[in-house]
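K.L.:
When you get a sec, could you give me coordinates for this:
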Amino acid sequence: MTHCTDPDCTGAIDDGYCEVCGMAPTTTPEQEPAVPAPRSAADAPAAAVAVVPDLGVRPAAAEPITPPAATNGAPSRAAGGAGPGAPGARGPSGAGSASGAPGASGGSAPSSPVSVPSLRDAARMSARTNPPRHRPRGTAVLVDPPRVAGTGPSSRGLLGLGMVQVPPVPRRDPATAVMSDPVVAEKNRFCGHCGERVGRSRNGRPGRTEGYCGACRTEFSFTPKLRRGDLVAGQYEVLGPLAHGGFGWVYLARDRNVNDRWVVLKGLLNSGDAEAHQTAAAERAVLAEVEHPNIVKIYNWVQHPDPRTGIPAGHIVLEYVGGKSLRDVLLERRARNGGDGLPVEQVIAYGLECLRAVHHLHSKGLLYCDFKPDNVIQCEEQIKLIDLGAVRRIDSDSRVYTTPGYRVPESELRAMGPSVSSDLYAIARCMAVLSFRFDFTRRYEHDLPPARSVPVLARHPSYDRLLRRALNAEPVLRFHDAAEMAEQLTGVLREVLSDKESRPHPAPSALFGPERPLFSSGHLGGVIDEADRLLQRPAPAECAAGLPYPRVDAEDPAADQLANIAALSPEDLAATLSGDSDPTPETRLLHVRALIGVGRLDEAAAHLQDLGTGSADHWRPYWYWAAIALAHGDHDTARERFEELFDHLPGEAAPKLGLAAACEGLGVWEAAADLYRTVWLTDHSYVSAAFGLARIRLAQGDPAAAVRVLDMVPELSSVHIAAQMAAVSLLVGDGDPDDPRTLDAAAFHGAEARLRRLGLHGDAGLRLKARVLHAALDWVLAGSTAREGADLLGAPFTEDGLRRALERTYRERSRHAENGTRRRALVDLANEVRPRTWL
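P.N.:
Model prediction:
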């Protein structure tokens with residue numbers, strides 16, 4: 001094996017990565033960091049390190065970065081600190097859009113007669129012109145999980161919202177967690193004042209654990225200050241060190257005043273480090289005002305004399321969380337399966353709980369700043385955030401402690417300081433690290449590998465897009481609200497589970513209403529006609545009008561009135577809203593929706609133009625621009641705009657339906673099929689996706705697959721009968737029209753079985769029966785034969801038997817005819833098909 005190229009690492013390169021530090025080998029000497037060096041690495045407990053080798057996820061130390069100076073009490077922020085931008089661009093290494101799918105049509109589609117604005121361009125303009133907001137209005141609310149009654153802390157949480165079974169982590173015996181050799185590794189020894197390396201080996205002699213920095217002469221000490229048996233504040237009996245982190249030693253102790261419960265004492269690396277004291281005091285103040293099931297609890301703040309200097313050193317007393325960090329959970333899995341990440345649904349479950357905790361901090365005006373897998377502990381079925389030493393107030397201008405590989409670019413931190421979006425960025429980085437292996441500290445420090453090279457991203461495009469939105473290089477295009485990100489992540493989780501389990505995981509959308517009913521006919525005969533029509537590609541205007549449309553924004557002044565009329569037909573809605581002399585933004589958008597529904601596209605575009613670009617951080621107007629492009633048949637533009645909406649709302653079904661319709665219009669069959677399939681498998685209420693997928697399979701020459709899709713429409717669905725009618729038509733009509741012999745008897749018996757299950761009465765049932773019998777007669781006349789003695793729909797499966805059955809069917813239909821002309825036409829058909837006789 002090749003030795004690691006890091007001079008401070010003793011590991012060897014195995015399969016492209018160091019088995020100790022987890023980094024890939026470098027071909028050039030490392031540059032000195034542009035910021036002060038890290039204080040120390042947050043190493044895992046010794047027992048975990050001894051058992052599980054590091055397989056590429058190194059617990060990096062938090063590095064201090066000085067944000068911009070405050071102005072009038074608040075840090076200066078540029079565009080990146082603004083509120084949520086409009087749907088944004090994919091990263092340069094993204095999975096690509098549907099436009100890049102194989103089979104894309106080379107023909108040109110009609111252009112829209114109006115200019116359709118881009119959401120990402122509007123977002124950037126908004127960032128330059130609108131004032132920034134630290135915590136912008138979100139579209140969702142995260143509700144804290146219910147507490148479980150009892151005397152002690154609950155170990156049960158809401159991991160996976162009840163949809164995911166996350167393997168529980170047994171509560172660890174605290175006594176086994178104590179470090180046997182409490183030494184700070186030399187590579188993690190840095191001056192707490194200037195960041196210079198200290199305590200390093202020289203000339204074969206081990207480095208000092210105590211001394212003075214050679215650069216600034218600040219005293220340092222890396223030896224534990226508490227020993228087994230020490231009694232802190234007359235109450236806490238020390239058992240020994242658990243770990244060491246960025247600011248000090250962490251000890252296990254018993255609270256002799258409260259039933260010998262286990263607690264954690266968090267101290268300082270150097271009792272003389274003024275900045276560390278300030279940080280510890282800040283952490284104490286934060287913990288004292290934060291109470292959340294997913295955040296470690298603070299019990300007390302005590303002091304104990306430094307045994308060497310006699311100076312009182314402060315210690316925060318925290319609850320003991322006896323589980324494993326997410327880093328350790330990942331490393332153990334990789335050790336078992338050869339390097340794979342955690343299942344994506346498990347990662348999403350972790351992400352949702354972390355977002356809940358961080359959302360609570362944000363609601364208190366606080367930022368976590370140093371989110372990473374090392375700082376999240378799972379114990380049984382609950383997770384908790386630990387180590388709040390880097391937490392700071394949103395309007396603070398204090399130094400920021402972050403970890404390379406998880407933090408936003410340094411240039412962003414220096415220019416704008418940390419923000420809500422930078423916390424969400426770190427959570428997304430953590431999810432990526434847990435999901436798949438990649439060089440997240442160097443080659444992809446602020447990016448992700450191309451989706452095509454990562455199986456989990458290639459299989460789950462919505463997950464890929466969610467990560468890339470959270471990690472967008474342009475801050476304005478990221479998530480800016482934990483509740484919003486959690487809402488989209490929940491939608492992605494439902495898609496992932498539906499794909500894995502082959503069963504739907506539906507839920508109503510908080511952002512979009514239902515799709516328009518597919519069938520307007522009130523009688524089954526009309527449904528047959530419409531079912532046939534839906535197996536053909538719909539007109540562009542029909543596609544646009546049938547999409548789910550955004551729900552009315554509840555904060556609009558006219559929201560209550562609009563909710564009462566939103567269910568009207570497009571014609572009635574357009575007439576009702578046309579006379580409004582002082583429309584609100586949502587009134588205009590609802591009017592646009594009605595105008596699209598009745599085909600008055602130029603008027604719809606004019607209303608959107610009147611609305612202007614003042615709400616460029618609001619995605620709703622751009623949904624209607626995309627719909628107008630689709631209605632005009634400008635499928636190229638529609639696809640681009642729905643791609644942007646998909647990027648912005650990766651957990652929603654509606655943008656996928658719009659994008660699928662645009663791809664179908666361009667003949668990009670596989671991209672359209674993937675989108676329709678994702679929506680349909682996740683939620684069977686989107687029946688347009690079933691018919692869309694069936695159309696694609698027909699276009700690809702696979703009618704049997706189309707029938708399988710239609711058979712999935714549930715019996716309780718309002719379109720179940722229509723789907724079965726369409727399936728019957730496909731079964732007896734999927735052969736070569738010029739050669740009926742391409743069918744087989746099984747297809748006719750399959751159609752017969754569906755007709756019997758439907759149990760249709762009246763003309764609708766007779767029409768389908770006639771269709772099956774007529775196709776079977778053509779098949780027999782072409783020279784095919786059924787097995788001897790077989791029958792079809794109660795008639796012998798022979799030419800004579802089929803003719804007599806078809807004659808009876810036409811004559812019975814004539815008795816149901818609505819007028820004389822139709823009755824005579826059906827009688828003529830009966831006479832035409834009846835068996836010929838000589839009498």
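K.L.:
and the host helix or strand of Leu806, C-alpha only, in CSV?
P.N.:
Secondary-structure assignment from DSSP states H and E places Leu806 in helix 799-815. Taking Å, rounded to 0.1, in the frame of the first residue of the first chain, the C-alpha atoms of helix 799-815 are listed here in CSV:
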residue,chain,number,x,y,z
GLU,A,799,-67.2,-17.4,-37.0
ASP,A,800,-70.9,-18.4,-36.8
GLY,A,801,-71.0,-18.0,-33.0
LEU,A,802,-69.3,-14.6,-33.1
ARG,A,803,-71.6,-13.4,-35.9
ARG,A,804,-74.8,-14.4,-34.0
ALA,A,805,-73.5,-12.8,-30.8
LEU,A,806,-72.6,-9.6,-32.6
GLU,A,807,-75.9,-9.5,-34.3
ARG,A,808,-77.8,-9.8,-31.0
THR,A,809,-75.6,-7.1,-29.5
TYR,A,810,-76.3,-4.6,-32.3
ARG,A,811,-80.0,-5.3,-32.2
GLU,A,812,-80.1,-4.8,-28.4
ARG,A,813,-78.2,-1.5,-28.8
SER,A,814,-80.7,-0.3,-31.3
ARG,A,815,-83.4,-0.6,-28.7
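K.L.:
Packing partners of it?
P.N.:
Judged by 3 or more CB pairs under 8 Å, 6 or more residues apart in numbering; DSSP states H and E, the packing partners of helix 799-815 are helix 762-781, strand 791-792, strand 795-796, helix 820-833. Bear in mind the C-beta positions are built from the backbone N, C-alpha and C, glycine included.
K.L.:
and Leu710, what does it touch?
P.N.:
By CB atoms under 8 Å, 6 or more residues apart in numbering, the residues touching Leu710 are 690-691, 694, 723-724, 726-727, 730.
K.L.:
Can you tell me which of the residues you listed is nearest Gly665?
P.N.:
Distance to Gly665, by CB to CB, is smallest for Phe691 among the contacts of Leu710, at 14.9 Å.
K.L.:
what's the helix or strand for that closest one?
P.N.:
Secondary structure from DSSP H and E places Phe691 in helix 687-699.
K.L.:
Tell me which other helices or strands that helix touches.
P.N.:
The helices and strands touching helix 687-699, judged by 3+ CB pairs under 8 Å, 6+ apart, are helix 654-666, helix 669-682, helix 703-711, helix 720-733.
K.L.:
Out of those helices, which gets nearest to Lys384?
P.N.:
Among these, the nearest to Lys384 by CB to CB is helix 669-682 (30.9 Å).
K.L.:
Send me the closest one as CSV with only the CA atoms.
P.N.:
Output of helix 669-682 as CSV, limited to C-alpha atoms (Å, rounded to 0.1, in the frame of the first residue of the first chain):
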residue,chain,number,x,y,z
TRP,A,669,-40.6,9.3,-24.4
GLU,A,670,-38.4,7.8,-21.7
ALA,A,671,-38.1,11.1,-19.8
ALA,A,672,-41.8,11.5,-19.9
ALA,A,673,-42.4,7.9,-18.8
ASP,A,674,-40.0,8.3,-15.8
LEU,A,675,-41.9,11.4,-14.6
TYR,A,676,-45.4,9.9,-15.1
ARG,A,677,-44.2,6.7,-13.4
THR,A,678,-42.8,8.5,-10.4
VAL,A,679,-46.0,10.5,-9.9
TRP,A,680,-48.3,7.5,-10.4
LEU,A,681,-46.4,5.1,-8.2
THR,A,682,-46.4,7.7,-5.4
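K.L.:
okay, the angle between that helix and helix 687-699?
P.N.:
140 degrees (axes from the mean of the first three to the mean of the last three CA atoms, to 10 degrees).
K.L.:
What lies in contact with helix 669-682?
P.N.:
Contacts of helix 669-682 (CB under 8 Å, 6+ apart): 98, 101-104, 461-462, 494-495, 498-499, 502, 504-506, 653, 656-657, 659-661, 663-664, 686, 689-690, 692-693, 696-697, 699-700, 709, 712.
K.L.:
just the buried members of the residues you listed?
P.N.:
Neighbour counting with 16 or more other CB atoms under 10 Å marks 98, 101, 104, 461-462, 494-495, 498-499, 504-505, 653, 656-657, 659-661, 663-664, 686, 689-690, 692-693, 696-697, 709 as buried within those.
K.L.:
just for the stretch 501-650 of the chain, where's the confidence low?
P.N.:
Residue ranges of the stretch 501-650 of the chain with pLDDT under 70: 518-531, 613-617.
K.L.:
mind running it again at 80?
P.N.:
517-534, 612-617 (pLDDT under 80).
K.L.:
same question, the stretch 201-350 of the chain
P.N.:
Ranges of the stretch 201-350 of the chain meeting pLDDT under 80: 245-248, 267-289, 307-309.
K.L.:
make it 50
P.N.:
Where the stretch 201-350 of the chain drops to pLDDT under 50, the residues are 269.
K.L.:
wait, doesn't Val456 sit right on Arg437?
P.N.:
No: taking contacts as CB atoms under 8 Å, Val456 lies outside contact range of Arg437: 10.4 Å.
K.L.:
can you list residues touching both of those two?
P.N.:
Joint contacts of Val456 and Arg437 (CB under 8 Å, 6+ apart) are Gly341.
K.L.:
ok, which stretches of the stretch 301-450 of the chain are strands?
P.N.:
All strands of the stretch 301-450 of the chain, identified by DSSP state E, counting those that start in this stretch, fall at 312-319, 324-325, 366-367, 376-379, 382-385, 392-393, 400-402.
K.L.:
now for those, which one comes closest to Ala233?
P.N.:
strand 312-319 (8.2 Å).
K.L.:
That closest one pairs with which strands, and in what direction?
P.N.:
Strand pairing for strand 312-319, determined by DSSP bridges: strand 261-266 (antiparallel), strand 298-305 (antiparallel).
K.L.:
List the buried residues for the first one?
P.N.:
The reference is to strand 261-266. Buried-residue list, strand 261-266, by 16+ other CB under 10 Å: 262-266.
K.L.:
swap in stretch 567-583?
P.N.:
Of all the residues in stretch 567-583, those buried under the rule 16+ other CB under 10 Å are 570, 573-574, 577, 583.
K.L.:
cool, stretch 197-217 as well?
P.N.:
For stretch 197-217, burial by neighbour count (16+ other CB under 10 Å) applies to 197-199, 207-209, 213.
K.L.:
In PDB, list the C-alpha atoms belonging to that stretch.
P.N.:
Output of stretch 197-217 as PDB, limited to C-alpha atoms (Å, rounded to 0.1, in the frame of the first residue of the first chain):
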ATOM      1  CA  ARG A 197       0.100  24.300  15.200                       C
ATOM      2  CA  VAL A 198       1.300  23.500  18.700                       C
ATOM      3  CA  GLY A 199       2.400  20.400  20.600                       C
ATOM      4  CA  ARG A 200       3.900  18.600  17.600                       C
ATOM      5  CA  SER A 201       6.700  16.000  17.600                       C
ATOM      6  CA  ARG A 202      10.200  17.200  16.800                       C
ATOM      7  CA  ASN A 203      13.400  15.200  16.200                       C
ATOM      8  CA  GLY A 204      11.800  12.000  17.300                       C
ATOM      9  CA  ARG A 205      10.500  13.500  20.500                       C
ATOM     10  CA  PRO A 206       6.700  13.500  21.200                       C
ATOM     11  CA  GLY A 207       4.900  16.800  21.200                       C
ATOM     12  CA  ARG A 208       4.200  18.600  24.500                       C
ATOM     13  CA  THR A 209       0.600  18.500  25.800                       C
ATOM     14  CA  GLU A 210       1.200  21.700  27.700                       C
ATOM     15  CA  GLY A 211       3.200  24.800  26.900                       C
ATOM     16  CA  TYR A 212       3.100  28.100  25.000                       C
ATOM     17  CA  CYS A 213       2.400  28.900  21.400                       C
ATOM     18  CA  GLY A 214       5.600  29.700  19.500                       C
ATOM     19  CA  ALA A 215       3.800  32.300  17.400                       C
ATOM     20  CA  CYS A 216       1.800  34.300  20.000                       C
ATOM     21  CA  ARG A 217       3.000  33.000  23.300                       C
END
